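In: Provided below for reference: sequence and predicted model.
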Amino acid sequence: MTDRPKICIDRILPRDMMRLQTVARIAGGPVRAIAPIGKTWMNGSTLRVRFMGGTVAEQDKVRQQAGWWAQVANIKFDFNNAPDADIRIAFDPSDGAWSYIGTDCSAIPLNAPTMNLGFLDGGTPAHEFGHAIGLAHEHQNPAGGIQWNEQVVIREMAKSPNFWDEQKTRHNILDKYRADQLKGTAFDPESIMLYFFPDSWTLNGIGTMQNDILSRMDKEFIAGARMYPKAGIPVSAATELKINARLRTQAAIGMVGEEDLFRFTAKVDGRYLIDTRGPTDVVMKVFGPNSETTLIAEDDDSGIGTNARIVTDLIAGDYFVQVRHYNRANGMGNYSVKVRKI
């Protein structure tokens, strides 16, 4: 078969392994990309990138295609080759193309890559950077509706250039995310996160296209309220929180999709409690120490009512707290936030 595609391997931490779930697409529903919940970086982050190999031409192509995302979303890439870079890229041709998803990169040892570009065909670097900033494979969208001929897919993926066994093929192509694992569930046939699959691999004779550039929906989704909107508050403008302050800091989600950003300094190691109070259903993330990209904890409803509450051991350093409404589509409301050493 001459049209057998090269497929990216989806690197997912063991705690987040997918389970098969088929969900029918809602007729007339919105078309958008998909992102696993809890894996986005802090809005406005600058992600440091280190090359672990590659030629000058290969590295230039990576910079160019990573920039496609940075042009539309509130996220930047600094190719400074820092030893503790957030994204670390190898170019091993025997290991295919893959990337960990979003903040999962922070769980990988610093001497190991978080992405491999064993081939750079078409828009492969942009596809892998889509994973690195939190996007999933579009063909594993539970609303995708691709009618796989499973035995054909398994047989063809066992051949060159992939040489996958059945388990790897099911994990990376046939299995779908659960709907409750994702932000956005409708299917985008033009997404760069969707690979080309020949029509002979499906039961209804309908394959997919080779998408080598960001689609309109890719751009809208990555720059939208659920991911990295340009309206996000810059780190330099974060509101200072005093630990053990007598009064709680009053705040509000005053616009749909708004994300409030706070910072505090832990002067000594110890256990700290960060929580919100009020009538607004919020989600809270904590990043640090001394890093706007290292996610420490995330919480939704562990506090009073629908408030967020995080109790965690911290070392001395600077930390960031990001708060948003649970309903990014139309949620607004008042709340308060406080940090205590306990």
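Out: Nice, I can see it. Everything numeric in this text was worked out from a predicted model, so none of it was measured. Numbers count the residues shown, from 1 in each chain.
In: give me the number of residues near residue 312?
Out: Neighbourhood size, residue 312 [other CB atoms under 10 Å]: 13. Bear in mind the C-beta positions are built from the backbone N, C-alpha and C, glycine included.
In: so where do the helices sit in the chain?
Out: Ranges of helices in the chain, per DSSP state H, are 56-72, 124-132, 150-157, 166-169, 216-222.
In: include mean pLDDT and mean neighbour count when you put the ones you listed into JSON lines, please.
Out: Converted to JSON lines, the helices of the chain look like this (pLDDT from 0 to 100; neighbours: other CB atoms under 10 Å):
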{"stretch": "helix 56-72", "mean pLDDT": "97", "mean neighbour count": "16"}
{"stretch": "helix 124-132", "mean pLDDT": "95", "mean neighbour count": "25"}
{"stretch": "helix 150-157", "mean pLDDT": "92", "mean neighbour count": "17"}
{"stretch": "helix 166-169", "mean pLDDT": "87", "mean neighbour count": "15"}
{"stretch": "helix 216-222", "mean pLDDT": "90", "mean neighbour count": "21"}
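In: to residue 287, which of the ones you listed lies closest?
Out: Smallest distance to residue 287 across those (CB to CB): 16.7 Å, for helix 124-132.
In: give me the distance from that closest one to the chain's centre.
Out: Distance of helix 124-132 from the chain centroid (CA atoms, centre = their mean, to the nearest Å) equals 11 Å.
In: ok, residues contacting that helix?
Out: Contacts to helix 124-132, defined as CB atoms under 8 Å, 6 or more residues apart in numbering, come from residues 8, 10-11, 47, 61-62, 64-66, 68-69, 77, 87, 97-102, 105, 114-115, 117, 192-193, 213-214, 218, 222.
In: ok so, going back, a markdown table for the helices of the chain, including distance to residue 253?
Out: Output for those, formatted as a markdown table (distance: least, CB to CB, whole Å):
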| stretch | distance to residue 253 |
| --- | --- |
| helix 56-72 | 23 |
| helix 124-132 | 27 |
| helix 150-157 | 44 |
| helix 166-169 | 42 |
| helix 216-222 | 20 |
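In: shaky segments in the stretch 1-150 of the chain?
Out: 1-38, 140-145 (pLDDT under 70).
In: count of residues packed around the residue lying closest to residue 277 once chain neighbours are set aside?
Out: Leaving out its chain neighbours, the residue that sits closest to residue 277 by CB to CB, 6 or more residues apart in numbering is residue 336, at 4.9 Å. Neighbours of residue 336 under the rule other CB under 10 Å: 16.
In: isn't residue 336 up against residue 279?
Out: No: using CB atoms under 8 Å, residue 336 makes no contact with residue 279, being 10.7 Å away.
In: that older thread, measure the residue nearest to residue 277 to residue 41 for me?
Out: 26 Å (CB to CB, to the nearest Å).
In: which parts of stretch 40-59 are buried?
Out: Residues of stretch 40-59 classed as buried by neighbour count (16 or more other CB atoms under 10 Å): 40-52, 54, 58-59.
In: what's the distance between the residue nearest in space to the middle of the chain and residue 331?
Out: Closest residue to the average C-alpha location of the chain: residue 134 at 1.2 Å, with CA atoms, centre = their mean. Remark: distance between residue 134 and residue 331 (CB to CB) = 20 Å.
In: residue 198: which of the helices of the chain is closest?
Out: That would be helix 150-157 among those, by CB to CB, at 8.4 Å.
In: which secondary structure elements does that closest one contact?
Out: The elements that helix 150-157 packs onto, with contact taken as 3 or more CB pairs under 8 Å, 6 or more residues apart in numbering; DSSP states H and E, are helix 166-169.
In: which other helices and strands does the helix it packs on contact?
Out: Counting contacts by 3+ CB pairs under 8 Å, 6+ apart, helix 166-169 packs against helix 150-157.
In: can I get the CA coordinates of the helix it packs on in CSV?
Out: Written as CSV, here are the backbone C-alpha positions of helix 150-157 (Å, rounded to 0.1, in the frame of the first residue of the first chain):
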residue,chain,number,x,y,z
GLU,A,150,-10.2,-2.2,12.7
GLN,A,151,-8.6,-5.3,11.2
VAL,A,152,-7.3,-3.4,8.2
VAL,A,153,-5.9,-0.6,10.4
ILE,A,154,-4.2,-3.1,12.7
ARG,A,155,-2.8,-5.0,9.7
GLU,A,156,-1.5,-1.9,7.9
MET,A,157,0.0,-0.3,11.0
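In: chain center to that helix: distance?
Out: 29 Å.
In: also stretch 319-339?
Out: 19 Å.
In: got it, and stretch 242-257?
Out: Worked out by CA atoms, centre = their mean, stretch 242-257 lies 26 Å from the chain centre.
In: just the CA atoms of that stretch, as PDB, please.
Out: What follows is stretch 242-257, C-alpha atoms only, in PDB (Å, rounded to 0.1, in the frame of the first residue of the first chain):
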ATOM      1  CA  LYS A 242       0.100  38.100  51.400                       C
ATOM      2  CA  ILE A 243       0.400  34.900  53.300                       C
ATOM      3  CA  ASN A 244      -1.900  34.700  56.400                       C
ATOM      4  CA  ALA A 245      -3.400  38.100  55.500                       C
ATOM      5  CA  ARG A 246      -6.100  39.200  58.000                       C
ATOM      6  CA  LEU A 247      -8.600  39.900  55.200                       C
ATOM      7  CA  ARG A 248      -9.300  37.800  52.100                       C
ATOM      8  CA  THR A 249      -8.400  39.300  48.700                       C
ATOM      9  CA  GLN A 250     -11.600  40.200  46.800                       C
ATOM     10  CA  ALA A 251     -11.800  39.400  43.100                       C
ATOM     11  CA  ALA A 252     -14.200  38.700  40.200                       C
ATOM     12  CA  ILE A 253     -14.400  37.000  36.900                       C
ATOM     13  CA  GLY A 254     -15.800  40.100  35.200                       C
ATOM     14  CA  MET A 255     -15.700  38.900  31.600                       C
ATOM     15  CA  VAL A 256     -16.500  35.500  30.000                       C
ATOM     16  CA  GLY A 257     -13.300  33.500  29.600                       C
END
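In: good, wrapping up.
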